[in-house]
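J.: What would the 3D arrangement of this be:
(one chain, ligands or ions: 2)
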Amino acid sequence: PRSNRAKSKEHKRLNTHKLVLQYIVPCMNSYGLCIVDNFLGDRIGERVVQEVKRIHQSGNMQDGQLVSQKLNKSKAIRGDKIAWVDGTESGCQNIGYLLTRMDKLITCADGKLDKFKISGRHKAMVACYPGNGAGYVKHVDNPNADGRCVTCIYYLNKNWNAKEHGGLLRIFPEGKSYVADIEPLFDRLLLFWSDRRNPHEVQPSYATRYAITVWYFDSEERAEAKRKFRDLTANSQEGSSS
Ligand SMILES: Cc1cc(NC(=O)CCC(=O)O)nc(C)c1Br
Ligand SMILES: [Fe+3]
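T.: Ligands and ions are numbered 1, 2, ... in the order given. Next up is the predicted model:
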């Protein structure tokens, strides 16, 4: 007879299958974005938060980009700080587990997400908004076909209250009359198309705001982007040598 462990693993696999095929795939193909709450559960979610806080406290995050204040240019404030993590580093095993779970979702959905064939991903980008009112200006993740097709963000903020803390991710789905205001709640997973269909911004945050972002590549677009980049650098070298 199969052990309880084997059964629960099988159970989890079926749940992932169901979650992906009955919710994530149709939601992505209809709205271009999708929210999955309670992705890892409290216990493991909490461990991921602890690992991210340790990275932040250890000073291993690059200084955030400068966000010059509208009023006086001199007193610029710093925005989000980031660190790149692949999940195998010591003290990052729960971040590693999160990435494995994200990969399983994407693998299970592959071939059904728009026309994409997903061939891999970036390392994870751990981001921290210091809560000094900085946000992130409106932008498109992949405006020029660099290969990234799905943005996957895992939020880590317990008791987040947007009225008090701001920090909403506002997505402006292309051609739609509505915007999507997404609270960066603990154990929340968000997926959206990385291209021009989803311009987005992070509104000013007044409490420390953590998120882990992963970008998945479409194999064809990525190969094409690499080819273009090679030509570009080849030409530029040619230019310089001639
Ligand atoms: C560095 C960098 C950060 C982000 N982050 C967001 O869009 C915020 C998502 C959120 O935290 O809700 N996007 C790009 C394209 C770059 Br590059
Ligand atoms: Fe972005």
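J.: what does the chain have sitting close to ligand 1?
T.: 82, 127, 136, 139, 141, 153, 169, 184, 200, 202, 211 (CB under 6 Å from any ligand atom). No exception for glycine: its C-beta is placed from N, CA and C like everyone else's.
J.: rerun that using 8 Å as the cut-off
T.: Within reach of ligand 1 by CB under 8 Å from any ligand atom, the chain has these residues: 65, 80, 82, 125, 127, 129, 136, 139-142, 151, 153, 155, 169, 182, 184, 190, 200-202, 209, 211, 213.
J.: Would you write a ChimeraX line that selects the buried entries of those?
T.: Here the buried members of the residues of the chain next to ligand 1 are turned into a ChimeraX selection, burial being counted by 16 or more other CB atoms under 10 Å:
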select :80,82,125,127,129,136,140,141,142,151,153,155,169,182,184,190,200,201,202,209,211,213
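J.: remind me, longest strand of this structure?
T.: In terms of residue count, the longest strand belonging to the chain (DSSP state E) is strand 209-218.
J.: Point to the helix or strand of this structure where mean pLDDT is at its lowest.
T.: strand 66-67 (a mean of 74; mean pLDDT, DSSP states H and E).
J.: Compute the number of surrounding residues for Arg47.
T.: When neighbours are counted by other CB atoms under 10 Å, Arg47 registers 16.
J.: doesn't it fall inside a strand?
T.: No - applying DSSP: H, G, I helix; E, B strand; the rest coil, one finds Arg47 to be helix, outside a strand.
J.: still on that earlier bit, elements contacting the longest strand of the chain?
T.: Packing partners of strand 209-218 (3 or more CB pairs under 8 Å, 6 or more residues apart in numbering; DSSP states H and E): helix 42-57, helix 93-109, strand 118-121, strand 124-129, strand 148-155.
J.: Now with 7 Å, please.
T.: helix 93-109, strand 118-121, strand 124-129, strand 148-155 (3 or more CB pairs under 7 Å, 6 or more residues apart in numbering; DSSP states H and E).
J.: average pLDDT for the third one?
T.: The reference is to strand 124-129. Averaged across strand 124-129, pLDDT comes to 97.
J.: The shortest one now?
T.: With pLDDT averaged residue by residue, strand 118-121 scores 94.
J.: Number the residues from 8 up from this point.
T.: With 8 as the first residue, the last one maps to strand 125-128.
J.: Just the buried residues of that strand, please?
T.: Under 16+ other CB under 10 Å, the buried positions of strand 125-128 are 125-126, 128.
J.: Of these, which is the nearest to ligand 1?
T.: Arg128 (14.4 Å; CB to the nearest ligand atom).
J.: quick one: that closest one and Val43, what's the gap?
T.: The gap separating Arg128 from Val43 is 17 Å, by CB to CB, to the nearest Å.
J.: Ok, Arg54 next?
T.: 18 Å.
J.: Check Val56 too.
T.: Taken as CB to CB, the span from Val56 to Val43 is 17 Å.
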